Structures are given as C-alpha cells and as structure tokens.
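1. mind folding the following:
(one chain, ligands or ions: 2)
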Amino acid sequence: MEANQRIARISAHLQPPNFQGEGNSLLRRDYCRAKGGAPGFKVAILGAAGGIGQPLGLLMKMNPLVSVLHLYDVVNTPGVTADISHMDTGAVVRGFLGPSQLESALTGIDLVIIPAGVPRKPGMTRDDLFNINAGIVKTLSEGIAKCCPNAIVNLISNPVNSTVAVAAEVFKKAGTYDPKRLFGVTMLDVVRANTFVAEVLGLDPREVDVPVVGGHAGVTILPLLSQVKPPSSFTVEEIEYLTTRIQDGGTEVVQAKGGGGSATLSMAYSAVKFADACLRGLRGDAGVVECAFVASEVTELPFFSTKVRLGRTGAEEIYQLGPLNEYERIGLEKAKKELAESIQKGISFIRK
Ligand SMILES: NC(=O)c1ccc[n+]([C@@H]2O[C@H](COP(=O)([O-])OP(=O)(O)OC[C@H]3O[C@@H](n4cnc5c(N)ncnc54)[C@H](O)[C@@H]3O)[C@@H](O)[C@H]2O)c1
Ligand SMILES: O=C(O)C[C@H](O)C(=O)O
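-> Ligands and ions are numbered 1, 2, ... in the order given. Now for the predicted structure:
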C-alpha cells in the first residue's frame, strides 16, 4: 500500500465511526466483522450531550438489557458518541445531530428517554422553564408519534408536571396516545427520599423504600413517611425536616451549583434506575414496581405519581395511595391544587 493511501486510511479512522452525520466517510462495515450487539432493547436518549444526557448515555451503555443506544442532541453528539462507543460493553452506539436526524434517531426504538431542555438557575422555579422546554418536548413528541409510536417514553425535561401533559396532547393529536407508555420521571425524588430517610434512621439507603407521590416540584412532591419500609416512626421535627428536604432537594443542588445548572449525576443515576425497571417490565419480569408520574385515576387529576407496576405494555397497574396520616392528607390537598394548574398549563399549550 502506498504511504499516502495508508495515511488516508488512518485519518479516516479519526472520524467518529458510529456517527450518522453527513461527511462521515468511514462506515463500520468497512473495517469491522461485528454484526451488532447482544440481543436486547433499542433505547434513544434525546438531549444526550447535556449534563444529564452524557452520564445517562454512559450508564445505559453499561446496561446489559440494551442492544442499541441512539444518542440524539442538537449539539455535540459526534464527540459524545465517539467517546461512549469505545466502552467495551454490549450495546452498539450511534449518534444523531440536529432536527434533520431526529427521525433516524427514533426509528425502531423501544424506549425513549428525554432529558432535553434548559435547567434551572438559582432563584428560578421549574415552571420558569416552561416556555422553552414545552416547545422542545412538543417537537420531540411529534417525532416519537411519527417514528416510534409504540415506544415507552421516560420524560425528564422540566417542569415534568406540565411537560407530561404536553407530550400526551401531542400523542392524542397524532392518534398514537397510549397512557400506559408515557411516564414523567420522578425517580430522583424517591432516590433522595431513600437517602435522607436512611441518614435519619441510621440505615443503609439500599434497605429503605420511601413512596413519593404527587408530582415533581415543591409541594407537589409528597413523601409518604408513614409508609416507609422498613416500618419506622419519626418525630414531628423529623417529619418536617425530611419532607422539606425532599421537596427542596432540587433547589439544594441548584444553589450549590451556583448557576452551573441543576442535578445531573444523581438524575442520570435515577433515570437509569427507572429506565432499567421499564426494560425489565418490557422483558416480562414480574413484580417490577416504581413511582412515576402517569395518567391515573387515583385522584381527580388526569396525571399523578404513585407506585406503578411495569410490564410488557408499560404501566400495567397503578397503585392507590394507601392509608395517609393527617400531615400527609393536608400535603395531598396542597399538592393537588398546584398540580391541577401545572397539568392544565401543559394541556393548554397544545390545545390553544
Ligand atoms: N425529572 C427530574 O427529576 C429532573 C432532574 C434534573 C433535571 N431535570 C431537567 O432535565 C433537563 C435537562 O437538564 P440538564 O442539566 O441535562 O441540562 P443541559 O443544558 O446540561 O442539557 C440539556 C441538553 O438538551 C439539549 N437540547 C436542547 N434542545 C434540544 C432539542 N430540541 N432536541 C434535543 N436536545 C436538545 C441541549 O443541547 C443540551 O445538550 C432540564 O429541563 C432539567 O430541569 C429533570
Ligand atoms: O431542581 C431542578 O430544577 C432539577 C430537578 O427537577 C431536580 O429535582 O433536581
């Protein structure tokens, strides 16, 4: 081989081989014998180059239930894809950049995880993100309705209490809405609750299970401390401290990051915990139960977060709230009042 041919071949290698963008002269099949990854599910992350998206991509690449991982964003996916694709785990990684590649990113996908959108800065509420993020979620949901209408959707973009309604309305308009397949991810509230309650009780957080119901913002986040497992009792002061800390967990991180965004690492961990539960449900595992913000008849509201049993068709059973104490009943009324407005805001955004 001529020296210049060898150099051309080596420099071609320097381009990201798994990237689906224009100008990619190197295709995997030119150099690789592999036909693909292990059997498993096809997962897409929309917003994959962001603060949550990157560690989420890393962790999903490590998940043995994933055979194909699509990384979509409007910026920086070539680099993120090249980087993650070098991990020697089973999933095959492909990158997609910009709106022209959204449909390719979504075609054939079983589970879509959406952390696309702007995060809070100190002094902002999640609702302050609505104007930008509702538009992003609308566009991405239209893509899902067109390209993978049967996919399970895990929606992370804030304000979750409104963006889930936005996605549901887009799917209804497209005639593809399946309420069992759309989930607002509230897992981070459960993860925080388990951690903070374990600290108070002096237990390993992995042994603690705290149901957190309602929604994902301030007073709509309602930890049910009377239902903690293992059964535990708390003083009035402990209940006040824990409820406030769990409800303000997001703000605690936003303030600590001082303008550098909101929770990303604990969120990626939580997103993977929930996505893995969805995939185990899809696989047919029995007894997969997690809290999520779903279409629900548990209260008079159209969406509400409670424990949900995940199965082959998504949310197969939605659990009732169980017995609440007086403190939780008062909290529930406050949560429902704010949730009703947030949900309506999402519905009106599409029906306007
Ligand atoms: N549900 C939860 O518990 C929870 C927890 C933490 C953060 N969040 C929310 O998740 C979102 C993302 O947070 P982050 O810290 O990763 O933000 P980030 O700014 O670091 O990343 C967001 C990514 O979304 C991308 N993006 C923007 N518009 C897009 C579009 N139209 N299509 C695809 N990608 C697009 C950006 O390019 C960026 O890479 C925020 O709305 C945040 O409030 C939710
Ligand atoms: O607080 C935020 O804005 C991000 C997220 O919803 C969180 O709970 O950490």
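
2. which single residue of the chain approaches ligand 2 most closely?
-> Gly250 (2.2 Å; Cβ to the nearest ligand atom). (C-beta placed from N, C-alpha, C; glycine too.)

3. mind listing residues that contact the strand or helix carrying that residue?
-> Per DSSP states H and E: Gly250 is located in helix 249-257. Residues outside helix 249-257 that contact it (Cβ atoms under 8 Å, 6 or more residues apart in numbering) are 119-122, 124, 126, 188-189, 192, 196, 245, 261-263, 266.

4. tell me where the stretch 251-352 of the chain has strands.
-> Remark: strands assigned in the stretch 251-352 of the chain by DSSP state E, counting those that start in this stretch are 288-295, 303-311, 314-318.

5. buried sites along the shortest one?
-> I take that to be strand 314-318. Buried residues in strand 314-318, counted by 16 or more other Cβ atoms under 10 Å: Gly314, Ala315, Ile318.

6. how about those in a markdown table, adding distance to ligand 1?
-> Listed next are the buried residues of strand 314-318 as a markdown table, based on distance: Cβ to the nearest ligand atom, whole Å:
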| residue | distance to ligand 1 |
| --- | --- |
| Gly314 | 18 |
| Ala315 | 17 |
| Ile318 | 19 |
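
7. tell me which of these is nearest to Lys229?
-> Nearest to Lys229 among the buried residues of strand 314-318 is Ile318, at 19.3 Å by Cβ to Cβ.

8. what sits against Ser141?
-> Val153, Val166, Ala167, Val170, Phe171.

9. mind redoing it with 6 Å?
-> Going by Cβ atoms under 6 Å, 6 or more residues apart in numbering, Ser141 touches Ala167, Val170.

10. tell me the pLDDT at it?
-> We have a pLDDT of 99 for Ser141.

11. go ahead and measure how far stretch 131-144 is from the middle of the chain.
-> On the basis of Cα atoms, centre = their mean, to the nearest Å, stretch 131-144 sits 14 Å off its chain's mean C-alpha point.

12. please pick the buried ones from the contacts of helix 249-257.
-> 119-121, 126, 188-189, 192, 196, 245, 261-263, 266.

13. and these as CSV, adding distance to Ala48 and pLDDT?
-> Listed next are these as CSV, based on distance: Cβ to Cβ, whole Å; pLDDT from 0 to 100:
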residue, distance to Ala48, pLDDT
Pro119, 15, 98
Arg120, 20, 98
Lys121, 22, 96
Arg126, 21, 98
Leu188, 18, 99
Asp189, 23, 98
Arg192, 24, 98
Phe196, 30, 98
Arg245, 31, 98
Gly261, 16, 97
Ser262, 17, 98
Ala263, 17, 98
Ser266, 18, 98
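
14. just the ones of the residues you listed in helices?
-> Judged by DSSP state H, the buried ones among the contacts of helix 249-257 include Leu188, Asp189, Arg192, Phe196, Arg245, Ser266 as members of helices.

15. also near ligand 2: which of the residues you listed, exactly?
-> Restricting these to those touching ligand 2 (Cβ under 6 Å from any ligand atom) yields Leu188.

16. nearest to Ala275 among the ones in helices among the buried ones among the contacts of helix 249-257?
-> Using Cβ to Cβ, these come closest to Ala275 at Leu188, 12.9 Å.
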